[in-house]
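Asks: only geometry, no sequence info:
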């Protein structure tokens, strides 16, 4: 069984990969934009490395995603459900329905679905 940190790195990597693909960027193009190596970014996307805040900021700038979003995905900022007015009891019962809705959405690729579910779970956990 994978440890929670590995799962979090994989979720972050899947999120970055999905955002990169949605921006129609190759890994090489993202490497050029961020001034990071192509192999390093590949390892981040595969969950093999936990990038630093500086690296996350460079990636967020290149992908036009808020740094806060990537920092949250990296586990450096805790998402506070209370700010959104979410009732933890309701979130538990809504979880399977939400994940089923994501899986059923034909507009999303398998990678996008996996990234969304990973993001969703990380926000609840």
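Replies: Nice, I can see it. Please read all numbers here as calculations on a predicted model, not as lab measurements.
Asks: can you give me the helices in the chain?
Replies: Counting by DSSP state H, one finds helices in the chain at the ranges 4-22, 27-34, 38-45, 53-63, 67-73, 88-104, 110-124.
Asks: Run through the neighbouring helices and strands of the longest one.
Replies: Yep, that's helix 4-22 we're talking about. helix 38-45, helix 53-63, helix 67-73, helix 110-124 (3 or more C-beta pairs under 8 Å, 6 or more residues apart in numbering; DSSP states H and E). Yep, even glycine has a C-beta here, placed from its N, CA and C like the rest.
Asks: and the angle for that helix with helix 27-34?
Replies: Relative orientation of helix 4-22 versus helix 27-34 (axes from the mean of the first three to the mean of the last three C-alpha atoms, to 10 degrees): 100 degrees.
Asks: do the fourth one as well
Replies: Computed with the same axes, to 10 degrees, the direction of helix 53-63 lies at 110 degrees from that of helix 27-34.
Asks: Turn the helices and strands packed on helix 4-22 into CSV, columns for mean pLDDT, mean neighbour count and distance to residue 101.
Replies: Converted to CSV, those look like this (pLDDT from 0 to 100; neighbours: other C-beta atoms under 10 Å; distance: least, C-beta to C-beta, whole Å):
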stretch, mean pLDDT, mean neighbour count, distance to residue 101
helix 38-45, 96, 18, 26
helix 53-63, 91, 18, 25
helix 67-73, 77, 19, 21
helix 110-124, 75, 17, 10
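Asks: So which residue is smack in the middle of this structure?
Replies: Among the residues of the chain, the one closest to the centroid is residue 15, at 2.9 Å (C-alpha atoms, centre = their mean).
Asks: which residues sit in contact with it?
Replies: The contact partners of residue 15, by C-beta atoms under 8 Å, 6 or more residues apart in numbering, come to 70, 73, 115, 118-119.
Asks: can you name the two of those that are farthest apart?
Replies: Maximum pairwise distance among the contacts of residue 15 (C-beta to C-beta): 13.4 Å, between 70 and 118.
Asks: Pull the residues that contact stretch 2-10.
Replies: Here stretch 2-10 makes contact (C-beta under 8 Å, 6+ apart) with 46-50, 74-75, 118, 122.
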